[in-house]
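A.B. asks: build me a model:
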Amino acid sequence: MPSYTEENYLKAIYKLSEAEPGVEVSTNRIAEVLQTRAASVTDMLRRLGEKGLLHYQRYRGVSLTHEGQRLALLTIRKHRLWEVFLVQKLGFNWDEVHEVAEEMEHLQSELLVRRLDEFLGFPQFDPHGDPIPAEDGAILRPRNRLVADLEPGDGGTLVAVRNTSAPFLQYLDKVGLSLGARLEVLDKVSFDNSLEIKVNNKSTALISAEVSRNLFIAG
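C.D. replies: Numbering: from 1, shown residues only. From the prediction side, this is the model:
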């Protein structure tokens, strides 16, 4: 089984490659995401390459092998299931679960993960709207729309957030935006593309373009 650190590397590489399909992930990007030195990343990439978990050529980036991707998705699956558990069963808020789930995702019992999935009712999405990979690695990819792309009169249901940092989620709580909320764009300010939105046909809020680029709706 991969170590704690190796799982973190595989997960980071998978997420970076998912964000830019078809582009091999650079050492510097991995170092930036994991907040470590490029030299340390190079050493780990060499080790993971020797284990058959990724394709690595110095100065040319990396890509995961089939086995590397399987292990990355398994780690992501565990992380997101634990986030669901923490919110639904232990009363955590959605801005409090990431760091706890980071620790719990490294538990290695396959039976525990299966029982957890069953206990939760086989959820398809985590508390931030991210899809939870199935046991075989299959993952849903809904065709959601960015709020930033909407025009006045457009609307839908908030189903996911791109930024899952605690400060951003706390901001959304403050303005009354949570998953399941119904949004309608009332106005788009041409100066800075900020949006005036109606939430659940009741309150209104003015959100910046940066916020709108981190919100996804369905419908």
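
A.B. asks: please make it C-alpha for all contacts and neighbour counts, starting now.
C.D. replies: Fine.

A.B. asks: from residue 76, how far off is the most centrally placed residue in the chain?
C.D. replies: Note on the chain: the residue nearest the mean C-alpha position is residue 130, at 5.5 Å, using C-alpha atoms, centre = their mean. For residue 130, the distance to residue 76 equals 10 Å [C-alpha to C-alpha, to the nearest Å].

A.B. asks: what does residue 60 give?
C.D. replies: Separation of residue 60 from residue 76 (C-alpha to C-alpha) stands at 26 Å.

A.B. asks: need the strands for the chain, in chain order.
C.D. replies: 54-56, 62-64, 145-146, 155-161, 182-188, 195-199, 203-207, 215-218 (DSSP state E).

A.B. asks: okay, the ones you listed in CSV with mean pLDDT next?
C.D. replies: Converted to CSV, these look like this (pLDDT from 0 to 100):
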stretch, mean pLDDT
strand 54-56, 91
strand 62-64, 93
strand 145-146, 96
strand 155-161, 97
strand 182-188, 96
strand 195-199, 96
strand 203-207, 93
strand 215-218, 97
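
A.B. asks: for residue 13, find the nearest of those strands.
C.D. replies: strand 62-64 (7.5 Å; C-alpha to C-alpha).

A.B. asks: and the helices in the protein?
C.D. replies: Per DSSP state H, the chain carries helices over the ranges 4-19, 27-34, 38-50, 66-88, 98-104, 110-119, 166-174, 209-212.

A.B. asks: closest one to residue 200 among these?
C.D. replies: That would be helix 166-174 among the helices of the chain, by C-alpha to C-alpha, at 14.0 Å.

A.B. asks: quick one: low-confidence residue ranges for the protein.
C.D. replies: Along the chain, no part satisfies pLDDT under 70.

A.B. asks: care to break it down by domain?
C.D. replies: 4-64, 74-141, 145-218 (automatic domain parsing).
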